[in-house]
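In: model the structure of this input:
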Amino acid sequence: MTSVVIIGAGPYGLSLASYLRAAGIDFKIFGKPMANWREHMPAGMLLKSDGCASDLYEPEGTFTLRRFCEDHAIPYQHTGLPVALSTFIAYGLAFAQKFVPDLDSREVARIDRRPGGGFLVQLSDGEPIAADRVVVAVGISHFKHMPPILAALEPGFVSHASEHNDLSPFRDRDVIVVGGGASALDTAALLHRNGSRVQLVSRRDTISFLAPPEPEPSLLKRLRWPPTGIGPGWTNVLCTQLPVMFRLLPEDFRRDFVRRHLGPAPGWFSREQTEGRLPFILGATPVQAFQKDRRVHLQVAMQGGDKRMLVADHIIAATGYRVDLRRIPFLGRELPAEIDAVDQTPRLSAHLESSVAGLYFTGLAAARCFGPIMRFAVGAKFATPQLARQLVRTAQRPQKQAGSGQRAATSA
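Out: Next up, the predicted model:
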């Protein structure tokens, strides 16, 4: 029996565990540390977020990425110097070792409601854990989106970008990367560097690379475009400072804003790695895909009305992520049906609690409620203390009866 189970050991899960440990709350955290970053992102990648927005969070706020880099003689700048994926992973593992030493790397296989309240958490090896509350902090890996046209292909001919930590198997092969965001450009750049013959296909007319940060912006520019962890501008100031207020905005507005604002634009450093080095096929919408003679054929419709047929050995879909509770395997079939959701995205209270009492969601799954900041690691700066305070406050309270979480989600 434990008070809290945290599922997921990425930046959100590890940060929350450090807060609960400092508060003396009985908890267990399950999952491989930094698994999404270690297993679902390509080796050699650079983070789009600046160094100042790539911290994990503990109550004292002293173990920052900057301090880790200083201790290990790794070059660091708050802005202007991209953070290597390998550096961020090493920092996350060091954070886990220092602040979450009792991390359990076993996976959670299933969650069930207990008749008297709380949950029964079944681990992959069969061990059951009874918990009053459960926090789902699984990141993005369960939510990969594959367009139906590509999903119909056999697995050997198509894959999602998140399936490749190692791109070396594609050396000397023809690869089509579909997408126009950061993941697509990063994947294409690394494939090109590793000796693949790459074509980038995007429905966009142009690739909108982020502008490189100015070393010393003027005072006027800082006032007009104040810097934040998710980019400059007053809109981003509101996103980072007022996530709880964002939750009170009309639902349709929040849905559209989260989809449009801070889209998957490639980092400024990706431009020199790709532009002029590999072909961009822009304004091209995939309309048909099939296998023939052990090759994959992708037909695209150009904006002018013409159609082109592209041929390769493999297609990598860098087509993003869409939250869908049904894709989280350990929730089973029953729990997603009980959770109040819109488009399979959970409605959450101001304390990140779902309509199922004691079941919380953080990270990407909370973006529809709290804004685009939750799509980034820096979102843990808001979510961690917000959620930790709630878990500490309710540690000694009896669990609500089934259904009362719905009232919390709509009234808090």
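In: number of residues surrounding residue 252?
Out: Residue 252: 9 surrounding residues under other Cβ atoms under 10 Å. C-beta coordinates here come from the backbone N, C-alpha and C atoms, glycine included.
In: so how far is residue 342 from it?
Out: Look at residue 252 and residue 342: by Cβ to Cβ, to the nearest Å, they are 10 Å apart.
In: same check, this time on residue 323
Out: Relative to residue 342, and taking Cβ to Cβ, residue 323 is found at 10 Å.
In: quick one: which of these two has more around it?
Out: Neighbours were counted for residue 323 and for residue 342 using other Cβ under 10 Å; residue 323 has more, 23 against 13.
In: quick check: that one touching residue 144?
Out: No. The pair residue 323 / residue 144 is not scored as a contact, 11.1 Å apart, by Cβ atoms under 8 Å.
In: which residue ranges of the stretch 51-200 of the chain form helices?
Out: 65-71, 85-99, 148-151, 182-193 (DSSP state H, counting those that start in this stretch).
In: what packs against the third one?
Out: Yep, that's helix 148-151 we're talking about. Applying 3 or more Cβ pairs under 8 Å, 6 or more residues apart in numbering; DSSP states H and E, one finds that helix 148-151 contacts strand 284-292.
In: what does the helix or strand just after the strand it packs on rub up against?
Out: On the C-terminal side of strand 284-292, the closest following helix or strand by DSSP states H and E is strand 295-302. Applying Cβ atoms under 8 Å, 6 or more residues apart in numbering, the contact partners of strand 295-302 are 153, 157-158, 176, 178, 201, 281, 283-291, 307-315.
In: CA atoms of strand 295-302 as CSV?
Out: Extracted C-alpha coordinates of strand 295-302, given in CSV (Å, rounded to 0.1, in the frame of the first residue of the first chain):
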residue,chain,number,x,y,z
ARG,A,295,10.2,-0.5,-52.5
VAL,A,296,7.6,2.0,-51.2
HIS,A,297,5.9,4.4,-53.6
LEU,A,298,4.4,7.6,-52.3
GLN,A,299,2.2,9.7,-54.5
VAL,A,300,1.8,13.4,-53.5
ALA,A,301,-0.5,16.1,-54.8
MET,A,302,1.3,19.4,-55.4
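In: and residue 304, how many neighbours?
Out: The number of residues near residue 304, taken as other Cβ under 10 Å, comes to 6.
In: got a list of what the closest residue to it other than its chain neighbours touches?
Out: Excluding the flanking residues, the one nearest residue 304 by Cβ to Cβ, 6 or more residues apart in numbering is residue 283, at 7.9 Å. By Cβ under 8 Å, 6+ apart, the contact set of residue 283 is 202-205, 302-304.
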